[in-house]
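Trainee: sequence and predicted structure, then a few things I'm wondering about:
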Amino acid sequence: MQTVGFIGLGNMGGPVVGHIQRDGFSMVVYDLRPDAMRPFQGTSPLKLLRKDVGLAMALGRELNVSLSLANITEQILIEGINRGWGDKSAYTATFKLEEEAVQVMLRADGVDPGRSNKYISTHPDVK
């Protein structure tokens, strides 16, 4: 089975990924917005996605195409891998890094980020 990498899950990318998955392909997906990855949670380990982003960037350099969003994506992936999250989903790692960056915990420890929309709170007493 072939694995397909896809970056960008917006209005066009999300449905395209859905069609590719329905055709039986394994997917590695990434989007800068963690909520866009929620439907695909668990399908994109960081270490696999890092490889795909690296290949896309190499092709961009070869064709002299600017890939500024891919550079940001690569930085996020490398940070997650350096923290030992290589086998975690890109969604989970991105969510954790964003929480750290803004210094606000948006969910209680142990709550699945994919289901955290029910538990989001910035109140210090909410655990």
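Mentor: Yep, it's here. Everything numeric here is computed off the predicted structure, so don't read it as measured data. Numbers count the residues shown, from 1 in each chain.

Trainee: longest helix of this protein?
Mentor: Under DSSP state H, the helix in the chain containing the largest number of residues is helix 46-62.

Trainee: any idea which helix or strand comes after that helix?
Mentor: Next along the chain after helix 46-62, taking DSSP states H and E as the criterion, comes helix 68-82.

Trainee: what sits up against that following helix?
Mentor: Identification of contacts with helix 68-82 by CB atoms under 8 Å, 6 or more residues apart in numbering yields 7, 30, 32, 46-47, 49-50, 53-54, 56-57, 60, 86, 88, 90, 93-94, 96-97. Using the backbone N, CA and C atoms, a C-beta is placed for each residue, glycine as well.

Trainee: which among these count as buried?
Mentor: 7, 30, 32, 46, 49-50, 53, 56-57, 86, 88, 90, 93-94, 96-97 (16 or more other CB atoms under 10 Å).

Trainee: re the thing from before, who are the packing partners of the longest helix of the chain?
Mentor: Counting contacts by 3 or more CB pairs under 8 Å, 6 or more residues apart in numbering; DSSP states H and E, helix 46-62 is packed against strand 3-7, strand 26-30, helix 68-82, helix 90-102.

Trainee: want to throw those into JSON lines with mean pLDDT and distance to residue 18?
Mentor: Listed next are these as JSON lines, based on pLDDT from 0 to 100; distance: least, CB to CB, whole Å:
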{"stretch": "strand 3-7", "mean pLDDT": "82", "distance to residue 18": "10"}
{"stretch": "strand 26-30", "mean pLDDT": "79", "distance to residue 18": "9"}
{"stretch": "helix 68-82", "mean pLDDT": "83", "distance to residue 18": "21"}
{"stretch": "helix 90-102", "mean pLDDT": "78", "distance to residue 18": "16"}
